[in-house]
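[1] Sequence first, then the predicted structure, then my questions.
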Amino acid sequence: MGILLGILAIIITLGLAYLMSNNKKIINYKGIGIMLVCQLLITWFMFSTQIGKAIIDGISAVFNKLIEFGVEGISFVLGGFALEDGGVFFFNVLLQIIFFATLLSVLTYLKILPLIIKYIGAAISKITGLPKIESFNGVNSIFFGQSEALIAIRSQFHHLSENRLYIVCASAMSSVSAAIVGSYILMLPPQYILVALPLNMFSGLMIASIIAPVRVPKEEDYVDISNVTQDKSIFEAMGNGALEGGKIALIVAAMLIAFIASLSLVNWIIQFIFAGVTLQQILGYILAPLGILMGIDPSEVIDAGAVMGMKIVTNEFVAMLEFQPFLDTMSEKTIGIVTVFLTSFANFSSIGIIAGTVKGIDAKKAVQASGFGMKLLAGSILASILSATITGLFL
């Protein structure tokens with residue numbers, strides 16, 4: 001029964017994207033089908049084979065070792081502050097972003113990441129028929145945040161039609177930055193965080209390619225990675241990466257303060273009118289039917305729906321903090337589905353981030369990006385639903 005509900009959820013998700021499509025005649029159905037099969041194979045391989053589980057364990061071990069290195073740097077600066085479990089969230093979790101951002105900056109300067117991303121993107125473009133820039137940006141969005149992913153292709157923005165702009169923006173919103181993954185792993189099960197990365201890449205490309213399908217002339221179908229970094233030396237790359245990571249950590253901290261405080265205010269107002277009712281409960285009931293289709297147990301769907309709704313109206317960090325207390329009480333399947341759903345930037349605040357980034361690159365394109373803001377969010381939410389549903393099929 002669970003598998004049938006999951007298949008129904010996939011059909012409904014793709015069907016909603018189809019209804020939103022602005023050019024149904026040129027949808028690349030073959031590419032969509034290939035990407036869906038890739039998602040199913042990746043999830044099956046990671047969760048159902050010993051080799052896949054070993055790969056997840058190995059990647060988790062690498063991240064855990066990198067987190068240990070990050071702790072060394074944090075401990076040196078903070079001195080007497082304790083960094084054990086239950087310590088200060090900003091120190092324990094958010095400051096890890098600085099070290100991970102530094103690593104990404106160095107790997108980008110050395111052209112290691114751009115080359116890897118370019119060739120993986122080229123392979124995806126080859127087997128699916130998607131344009132190369134869109135494929136490159138889909139892979140790029142696994143490693144870099146929304147702003148950084150778009151900036152990496154800024155030299156080619158003049159090639160992007162409105163539909164192509166939608167696809168690259170949707171890819172950025174449907175994924176998460178590798179610089180933040182280390183922080184996520186400290187809050188939720190790493191195996192689901194890690195499998196969400198490739199799933200969200202494909203989901204973002206699939207949903208966006210249905211909503212805004214494109215056909216690109218061969219002469220315009222190329223990727224330029226010569227301008228992905230302005231750093232002149234490895235030390236400049238380290239410094240800029242550290243500064244960027246510090247900025248991200250402070251931004252996330254500021255957003256958490258604002259959103260959690262605002263949530264408390266909203267709940268106080270709601271409870272003043274309706275005693276005992278919270279925004280989380282309201283969201284839980286609204287998303288309950290969707291949660292059941294995704295494979296969440298009916299006895300857990302209200303709490304799970306509340307967390308998923310919280311992610312949409314605030315951000316993934318707030319939702320992950322809300323979800324942490326449920327890790328010891330909910331089933332493994334529900335934990336996996338909700339964790340994958342939370343592992344993306346699909347929320348209201350991301351609309352402003354995307355629009356602001358595009359405006360900084362090309363003011364004319366920014367008008368287009370602002371125009372499809374809500375459609376962008378809707379598509380990204382559908383991508384999160386698709387990834388989470390596919391995860392549930394194998395748990």
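    Cool, the structure landed.
[2] Quick check: longest helix in this structure by residues?
    Determined from DSSP state H, the single longest helix within the chain is helix 234-273.
[3] Show the subsequent helix or strand relative to it.
    Sequence-wise, the next helix or strand downstream of helix 234-273 (DSSP states H and E) is helix 279-294.
[4] Return the list of helices and strands in contact with the following helix or strand past that following helix.
    For helix 279-294, the following helix or strand on the C-terminal side (DSSP H and E) is helix 301-313. Contact here means 3 or more CB pairs under 8 Å, 6 or more residues apart in numbering; DSSP states H and E; on that basis helix 301-313 packs against helix 279-294, helix 316-323, helix 332-342. All C-beta spots, glycine's among them, are computed from the backbone N, C-alpha and C.
[5] Any stretches of the stretch 201-350 of the chain with poor pLDDT?
    Low-confidence segments of the stretch 201-350 of the chain, defined by pLDDT under 70: 219-221, 224-228.
[6] Now the longest helix of the chain: buried residues?
    Neighbour counts using 16 or more other CB atoms under 10 Å place 237-238, 240-242, 244-246, 248-249, 252-253, 256, 259, 263, 267, 270 of helix 234-273 among the buried residues.
[7] wait, which of the helices and strands packed on helix 301-313 is closest to residue 173?
    Each of these has some distance to residue 173 by CB to CB; the shortest is helix 316-323, at 11.5 Å.
[8] Which secondary structure elements does the closest one sit against?
    Counting contacts by 3+ CB pairs under 8 Å, 6+ apart, helix 316-323 is packed against helix 178-185, helix 234-273, helix 301-313, helix 332-342.
[9] got the CA positions of the third one in PDB?
    The C-alpha atoms that make up helix 301-313 are tabulated as PDB, following Å, rounded to 0.1, in the frame of the first residue of the first chain:
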ATOM      1  CA  VAL A 301       1.800  12.900  10.000                       C
ATOM      2  CA  ILE A 302       0.600  15.900  12.000                       C
ATOM      3  CA  ASP A 303       3.900  16.400  13.700                       C
ATOM      4  CA  ALA A 304       5.800  15.700  10.500                       C
ATOM      5  CA  GLY A 305       3.600  18.100   8.500                       C
ATOM      6  CA  ALA A 306       4.100  20.800  11.100                       C
ATOM      7  CA  VAL A 307       7.900  20.500  10.600                       C
ATOM      8  CA  MET A 308       7.600  20.500   6.800                       C
ATOM      9  CA  GLY A 309       5.300  23.500   6.900                       C
ATOM     10  CA  MET A 310       7.700  25.300   9.300                       C
ATOM     11  CA  LYS A 311      10.500  24.800   6.700                       C
ATOM     12  CA  ILE A 312       8.400  26.500   4.000                       C
ATOM     13  CA  VAL A 313       7.400  29.600   6.000                       C
END
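[10] Please enumerate residues in contact with it?
    If you take CB atoms under 8 Å, 6 or more residues apart in numbering as the criterion, helix 301-313 is touched by 263, 279-288, 290-292, 296, 318-319, 322-323, 326, 330, 334, 337-338, 341-342, 346-348, 381.
[11] Tell me the buried residues within those residues.
    263, 279-284, 287-288, 290-292, 296, 318-319, 322-323, 326, 330, 334, 337-338, 341-342, 346-347, 381.
[12] Now stretch 69-79: buried residues?
    Buried positions in stretch 69-79, judged by neighbour count with 16+ other CB under 10 Å: 70, 71, 74.
[13] dump the residue contacts of residue 18.
    24, 27, 210.
[14] possible to save the buried residues of stretch 69-79 as JSON lines with secondary structure, pLDDT and distance to residue 19?
    Output for the buried residues of stretch 69-79, formatted as JSON lines (DSSP: H, G, I helix; E, B strand; the rest coil; pLDDT from 0 to 100; distance: CB to CB, whole Å):
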{"residue": "70", "secondary structure": "helix", "pLDDT": "85", "distance to residue 19": "45"}
{"residue": "71", "secondary structure": "helix", "pLDDT": "80", "distance to residue 19": "48"}
{"residue": "74", "secondary structure": "helix", "pLDDT": "79", "distance to residue 19": "48"}
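[15] ok, how many other residues are close to residue 361?
    By other CB atoms under 10 Å, 16 other residues sit near residue 361.
[16] Isn't it up against residue 151?
    Yes. Between residue 361 and residue 151 there is a contact under CB atoms under 8 Å: 6.8 Å.
[17] next one: the longest helix of the chain to chain centre, how far?
    Helix 234-273 sits 17 Å away from the centroid of its parent chain (CA atoms, centre = their mean, to the nearest Å).
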